[in-house]
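Sequence first, then the predicted structure:
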Amino acid sequence: NCFLMQPVKVQIFFMRKIIIVSVLLSGILLFCTCHNQQSSFEVSAQVEKLYKKQLDSFVQSTAAFTQLVKSAENKNILQEAFLSLRNKYKAVEVFAEYYNPSVAKAINGPAVFDAEPDNPEYPVPPSGLQVIEPLLFDTSDYKPDGLIKETASLQAAVARLKMVSGSLQFTDAHIFDAMRMELFRMATLGASGYDTPICLSAISEIPATLTALHLYITPYISYYPQISFDSLERQFAAAALFAENNSDFNRFDRIVFLSQFLNPLCKQLSKMQNYAGIAYFNEPRLLRSNAITLFDENAFNPYFNAP
C-alpha cells in the first residue's frame, strides 16, 4: 500500500509546485503590467510638463513683443522680434493645434474672414500672427495703431491657450498622434509657405519645430532600444540641419526634404510607437490615423465624406 501511495504523493507534490510557479508568474506579470502602465503615465506626464513650460515661455515672449510694439520705432527690430515669436509658437504648435484648434487658429490662422455655415452673414475677422505679418513686412500696410490692436488680440488668444491648457489630458496615443500630425503639417502648410506668405520664414521655422518634437519624444527613450532611438535622433538632426543649410525659401528643395528627411523621420516615429505598443486611434478620419507618411497607399480615406 505504501508503494502504491508514492505516485499519488509525487503527483500532489508536482501539482503544488505548478500552482506555486503559476501564482508567482501571474504576480510577476501583473507587476510588469502595472509597472509599464505607471511608467506610461509618468512619461506622458513629463511631456505635458514640457509643453506647459514651453507654453509659459511663449506667453512671456508674446507679452514682451506686445510691449515692444508699443515702444519700438525701428521696424527692423520689430520684424526680428516677430520672427523670434513665431519660432516660440512652433515649440507649442504641435499640441495647441491638436488639443485646441480654434484657439490655435486665433493665434496662427490664415488672414481671411471665417464664415460659419450656420451664420454666414456675420463672418469672423482673422487675428494672430498672420494678420500681424503684413503689418510688419508689407510697407504699404504698415500702420502702428493697427499693429498695436492686432498684437493685443494675439496676446488675448495666447492667454486663452494658457487657460485651457490646465484641463488637457495627455496620453501616449494622443502624444504620438499629435506629433505625426505636426510632421504632416510641416510638410504641407509649413514648407509650402502657407503660414508665412509674406515674410517667407517657413524654412527657417522647420528646425524650431523639429527641436520641439525632439524635446517631446525624448522622455520615451525608455520604450525604445538605444540603437533605434539613436536612428530617430539622427533623423531629427539631419532634417533640421538640411533646413538650416538651405533656408532660402525659393531655393529650398522640398522633394529632397520630403523624400530623404521627413518621410524617413515619420517612419522612425511610427516604428517607435509600434515598439512601445502604443495603439493608433481607430476612428473614421479623412487622413487615416495609422498613416505613416502622407504618401502611403491608402493614407487617405476616400469614403470619409461619402453620404
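Okay, I see it.

So which residues of the stretch 51-200 of the chain form strands?
Remark: strands assigned in the stretch 51-200 of the chain by DSSP state E, counting those that start in this stretch are 114-116, 119-124.

so how far is the shortest one off the chain centroid?
For strand 114-116, the distance from its own C-alpha centre to the chain's C-alpha centre is 26 Å (Cα atoms, centre = their mean, to the nearest Å).

those helices in the chain, which residues are they?
With DSSP state H as the definition, the chain shows helices at residue ranges 2-71, 75-90, 93-99, 101-108, 129-137, 144-164, 172-185, 202-217, 226-245, 254-256, 263-276.

Residue 193: which of these is closest?
Residue 193 sits nearest to helix 202-217 of all the helices of the chain, at 4.6 Å, using Cβ to Cβ. Heads up, the C-betas are built off the backbone N, CA and C, glycines and all.

Please work out which residues outside that closest one touch it.
By Cβ atoms under 8 Å, 6 or more residues apart in numbering, the residues outside helix 202-217 that reach it are 47, 50-51, 54, 83, 86-87, 90-94, 175, 179, 182-183, 186, 190-196, 232-233, 236, 239-240, 243-244, 246-249, 252, 269, 272.

Quick check: mean pLDDT of that helix?
Helix 202-217 carries an average pLDDT of 97.

All further residue positions should be reported with the first residue as 20.
From this message on, residue numbering opens at 20, which makes the last subject helix 221-236.

quick one: that helix to helix 191-204, angle?
Orientation check (axes from the mean of the first three to the mean of the last three Cα atoms, to 10 degrees): helix 221-236 against helix 191-204 gives 170 degrees.

residues of helix 221-236 that come out buried?
Within helix 221-236, the residues that count as buried by 16 or more other Cβ atoms under 10 Å are 221-229, 231-236.

Show me which of those is closest to residue 304.
Residue 304 lies nearest to residue 232 out of the buried residues of helix 221-236, by Cβ to Cβ, at 20.8 Å.

Low-confidence regions, the stretch 220-326 of the chain specifically.
For the stretch 220-326 of the chain, residues meeting the criterion pLDDT under 70 lie at 242-246.

if we can go back for a sec, could I have the buried ones of the contacts of helix 221-236 as PyMOL selection syntax?
Buried residues within these, by 16+ other Cβ under 10 Å, are selected in PyMOL with:
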select buried, resi 66+69+70+73+102+105+106+109+110+111+112+113+194+198+201+202+205+209+210+212+214+215+251+255+258+259+262+266+268+271+288+291
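
Residue 304: which of the helices of the chain is closest?
Residue 304 lies closest to helix 191-204 among these, at 10.1 Å (Cβ to Cβ).

can I get the helices of the chain in a markdown table with distance to residue 140?
Shown next, in a markdown table, are those (distance: least, Cβ to Cβ, whole Å):
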| stretch | distance to residue 140 |
| --- | --- |
| helix 21-90 | 32 |
| helix 94-109 | 32 |
| helix 112-118 | 28 |
| helix 120-127 | 20 |
| helix 148-156 | 22 |
| helix 163-183 | 22 |
| helix 191-204 | 31 |
| helix 221-236 | 34 |
| helix 245-264 | 43 |
| helix 273-275 | 40 |
| helix 282-295 | 42 |
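
Could you tell me the least trusted of those helices?
Lowest mean pLDDT within the helices of the chain: helix 21-90, at a mean of 69.

Mind listing what's buried along stretch 183-195?
184, 189, 191, 193, 194, 195.

Disregarding residues adjacent in the polypeptide, which is nearest to the fifth one?
Taking Cβ to Cβ, 6 or more residues apart in numbering as the measure, residue 194 lies nearest to residue 66, with 5.4 Å between them; neighbours along the chain are not counted.

repeat for residue 255
Counting by Cβ to Cβ, 6+ apart, residue 233 is the residue found nearest to residue 255 once chain neighbours are left out, at 4.6 Å.
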